[in-house]
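1. Sequence first, predicted model second:
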Protein chains: 2
Amino acid sequence: ENVGGTTYFYSPEDFAPQFQSVQKEYIFHQQQQQPVVLPNYSFYPGMPSHIAHMKVKANMPQFFLPDEIKMELLNRHACSLMQIDPAQHPDIPTEVDSYHQLYPLEAPPANPLQKSSMFSYPSTCYKAVNTKDCLTYCLKRIHGFRLANTKCLATVDQWKKLYHPNVVQLKEVFTTTAFGDNSLIFVYDFHPVAETLMIRHFSASSTVNGYTTDTTRTFTGSKTSGVSNGPRQHAGLLPESLIWAYIVQLSSALRAIHTAGLACGVMDPTKILISSKSRLRINCIGIFDVLTFDSNQGNYVSLVPHYQQEDLVALGKVVLALACNSIMAIQREQVSNSLELVARNYSTDLKNLILYLMGSQRRQRSVNDIMPMIGARFYTQLDAAQLRSDVVENELAK
Amino acid sequence: ENVGGTTYFYSPEDFAPQFQSVQKEYIFHQQQQQPVVLPNYSFYPGMPSHIAHMKVKANMPQFFLPDEIKMELLNRHACSLMQIDPAQHPDIPTEVDSYHQLYPLEAPPANPLQKSSMFSYPSTCYKAVNTKDCLTYCLKRIHGFRLANTKCLATVDQWKKLYHPNVVQLKEVFTTTAFGDNSLIFVYDFHPVAETLMIRHFSASSTVNGYTTDTTRTFTGSKTSGVSNGPRQHAGLLPESLIWAYIVQLSSALRAIHTAGLACGVMDPTKILISSKSRLRINCIGIFDVLTFDSNQGNYVSLVPHYQQEDLVALGKVVLALACNSIMAIQREQVSNSLELVARNYSTDLKNLILYLMGSQRRQRSVNDIMPMIGARFYTQLDAAQLRSDVVENELAK
């Protein structure tokens, strides 16, 4: 609403009741029948002093400037709005189930039959608009897959109920012949301008081994490492604070997943998305379940506890690779060297956490057991989240 | 900048470089000399699906709606801009040191000599604008206080260096005769529309005992309880999740204070500010030190470890009062009844935390020892902070 050159978020009528309650608490003068000079308009009264003089610790992985946040928002907008010229892409259907305006998020593989090494099927990723709610989603297409057993859809329903700030939510799963084959489509929330942990931290490795690289195929070459990899601890290693920021988020996601009676199955640098400086979300959840379910003829549910243990090992490998800043670090013959490198450069807590997660103990391990190793670093994460919130709220107030 | 009816945060020149980097990663078509249809303007592309379908747990103390956040921002603006008519207030100086536009935040006490029961001196609170940086601050005036010993200013300097999201930062301390007496002024960040924990949760108590009530004197009567006290657990008790949200923030502040070699001294419901739904900040830090320093002729520093232990007891009392939803609960003769009430209505962790903090153990206790009792609730706090951040960022993107 624009009144007299001033833009109001709310009409004066909406605004009045809340405002009265402020007056009740702050303008005691009125109770005493004394006049108060109150402007009859609303504008940004300048930056609060706690924002103007905010002190952010050096090497803080969540470090950000208000301008960086705004720039990222603009980039997200631009990315959300990108469209292809349909005439140039006869291979992309105009409509798939209730989704249209498909836009490919990855380049087509050099060999169209190339399988995703993680899922044993070729896969492609699109953004698309749902015709019912008009929101943009991410479609993950598994090529040439015929769903033999619909019992796995019970697990899909469980995944759809899981809403967590560090998980890309699964919206629905359906089969389609719109691409000219039997395809299975997984629909997720779309997070524009997010990149994978693989691209952010491991794309510069000369030889990428140990982890699958299917989602990196177009990006690896065009990325200049060192510029966007953020602050470095020393000797080309990541700052320990960044690694803990990741650990806290990934363990938070695993806790929620395991508590729901599910296993992640995709704890892998190619399946972890980074937004902004350090916000992580586990991507592609549910695909592992459906594909594994199918190949095991329904034995999947009884194997969940086993896969949960494997999630912990996989988290340990991700952390070890980050701490060595190399995907090579997790190769079997490298692990003991890698652990020595961690012991030399990082805290004992970090080394113990990796040992616990990757350990081959017979006894059942739980993601809850790493909480004491995180310890006071929870406070660091919360402090950073609150400071970031202060800055973003102040931007909103302008 | 307003171009063709569209408002840009950035000029197209500023925007270009970042945008190129997005293109590098997402518009692989260009690398292949294929045309991409990209809008040459930027606007809000609609709500992201993870915001549109956000699931917030019932009874979540950090629950909020985008509209609530905006309304609070408007209220903060209005509060920041309030001014008095100087002609009506000859008692308020037009300038105090480098501050002007003083606005009283509390009603004058009925008896002008009434002492703050916490500090043994009368005190008054103003907001004021600093003439050098033009930012608004909060001035806490201690009436009729003559600073005998300037050694305490070393402690003040330590406080000024403490920047923490759950502490109202001390900016400077000076003496003045502008009010016609010897006054000591403590300058803090100003947090408009914040209210004290005392007002939010304990103002409806018929008889307020055990805690000082000096800052509640004008507000108590005008507050309708139950409406603004937020969600209730049952039987008039606060939800346990809200109490833990408070514990995490207050213990975070105490950790930072104790680590800096300081003692809080003002862990009291009248000295804890709440902004929004549940964001806490400890207020009035440093006053206790200066006043205590003075009366002890410089013995203050050696007593810091003792005062730190008292901080833990004081935190235990705050938590016990919250858990019983009554300030009466901490009276000596009530404590055992109160602890029974906690045991009946809340988790064992909460009872143990209170017992630990209020315990009269001979051995040195530390705020770090309560971390295992908080346990997985750290994750709950972080999840809530991330979801809130998602919502506020989306508002900013509009």
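-> It's in.

2. Which secondary structure state does the residue nearest the centre of chain A sit in?
-> Nearest to the mean C-alpha position of chain A, by Cα atoms, centre = their mean, lies A:R281 at 2.1 Å. The three-state label given to A:R281 by DSSP: H, G, I helix; E, B strand; the rest coil is strand.

3. tell me the contacts of it?
-> Contacts for A:R281 were tallied using Cβ atoms under 8 Å, 6 or more residues apart in numbering or on different chains; they are A:165-168, A:191, A:194, A:253, A:272-273, A:275. To be clear about C-beta, it is placed using only N, CA and C from the backbone, and glycine gets the same treatment.

4. Save these as TSV, and put in neighbour count, pLDDT and secondary structure too.
-> Shown next, in TSV, are the contacts of A:R281 (neighbours: other Cβ atoms under 10 Å in any protein chain shown; pLDDT from 0 to 100; DSSP: H, G, I helix; E, B strand; the rest coil):
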residue	neighbour count	pLDDT	secondary structure
A:P165	22	94	coil
A:N166	25	97	coil
A:V167	23	97	strand
A:V168	23	97	coil
A:H191	20	94	coil
A:A194	21	92	coil
A:A253	27	98	helix
A:I272	27	97	strand
A:L273	23	97	strand
A:S275	17	91	strand
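
5. And the helices in the stretch 101-250 of chain A?
-> Using DSSP state H, counting those that start in this stretch, the helices found in the stretch 101-250 of chain A span residues A:153-161, A:197, A:240-259.

6. Any buried residues in the first one, and which?
-> This points to helix A:153-161. For helix A:153-161, a neighbour-count test (16 or more other Cβ atoms under 10 Å in any protein chain shown) marks A:155-156, A:158-160 as buried.

7. export those to TSV and tack on pLDDT and distance to chain B?
-> Listed next are the buried residues of helix A:153-161 as TSV, based on pLDDT from 0 to 100; distance: Cβ to the nearest Cβ, whole Å:
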residue	pLDDT	distance to chain B
A:T155	91	19
A:V156	94	16
A:Q158	95	14
A:W159	96	14
A:K160	96	10
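
8. Taking the residues you listed, tell me the two that lie furthest apart.
-> Spatial extent of these (Cβ to Cβ) is set by the pair A:T155 and A:K160 at 9.8 Å.

9. Give me the distance between A:S326 and chain B.
-> Using Cβ to the nearest Cβ, to the nearest Å, A:S326 is found at 22 Å from chain B.

10. oh sorry, the question was meant for A:E95
-> From A:E95 over to chain B (counting by Cβ to the nearest Cβ), the distance is 18 Å.

11. Equivalent analysis for A:V129, please.
-> Applying Cβ to the nearest Cβ to A:V129 and chain B gives a distance of 9 Å.

12. Find the nearest non-adjacent residue to that residue, please.
-> Nearest non-adjacent residue to A:V129, counting by Cβ to Cβ, 6 or more residues apart in numbering or on different chains: A:Q101, 4.6 Å away.

13. which residues does the one you found contact?
-> Neighbouring residues of A:Q101 by Cβ under 8 Å, 6+ apart: A:83, A:128-129.

14. With A:A128 instead?
-> Contacts for A:A128 (Cβ under 8 Å, 6+ apart) come out as A:96, A:99-103, A:136-139.

15. Quick one: residues contacting the residue lying closest to A:Y379 once chain neighbours are set aside.
-> Of all residues not flanking A:Y379 in the chain, B:S252 sits nearest, at 4.9 Å (Cβ to Cβ, 6+ apart). Each residue near B:S252 by Cβ under 8 Å, 6+ apart is listed here: A:379, A:382-383, B:164-166.

16. close enough to count as contact, A:L262 and A:V156?
-> No. Using Cβ atoms under 8 Å, A:L262 is not in contact with A:V156; the gap is 10.6 Å.

17. any common contacting residues for these two?
-> Residues touching both A:L262 and A:V156 (Cβ under 8 Å, 6+ apart): A:D289.

18. With distance to B:D268 added, can I get the contacts of A:R281 in JSON lines?
-> What follows is these, written out as JSON lines (distance: Cβ to Cβ, whole Å):
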{"residue": "A:P165", "distance to B:D268": "34"}
{"residue": "A:N166", "distance to B:D268": "37"}
{"residue": "A:V167", "distance to B:D268": "40"}
{"residue": "A:V168", "distance to B:D268": "44"}
{"residue": "A:H191", "distance to B:D268": "44"}
{"residue": "A:A194", "distance to B:D268": "45"}
{"residue": "A:A253", "distance to B:D268": "38"}
{"residue": "A:I272", "distance to B:D268": "44"}
{"residue": "A:L273", "distance to B:D268": "44"}
{"residue": "A:S275", "distance to B:D268": "40"}
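
19. Tell me the one of those nearest chain B?
-> A:P165 (3.8 Å; Cβ to the nearest Cβ).

20. Surely that closest one and B:Q386 touch.
-> Yes. Using Cβ under 8 Å, A:P165 makes contact with B:Q386 at a distance of 3.8 Å.

21. Just the buried residues of stretch A:293-310, please?
-> Applying a neighbour-count criterion of 16+ other Cβ under 10 Å, one finds A:293-294, A:300, A:304, A:307-309 buried in stretch A:293-310.

22. which of the residues you listed sit farthest apart?
-> The widest separation within the buried residues of stretch A:293-310 (Cβ to Cβ) is 21.9 Å, between A:D294 and A:Q309.
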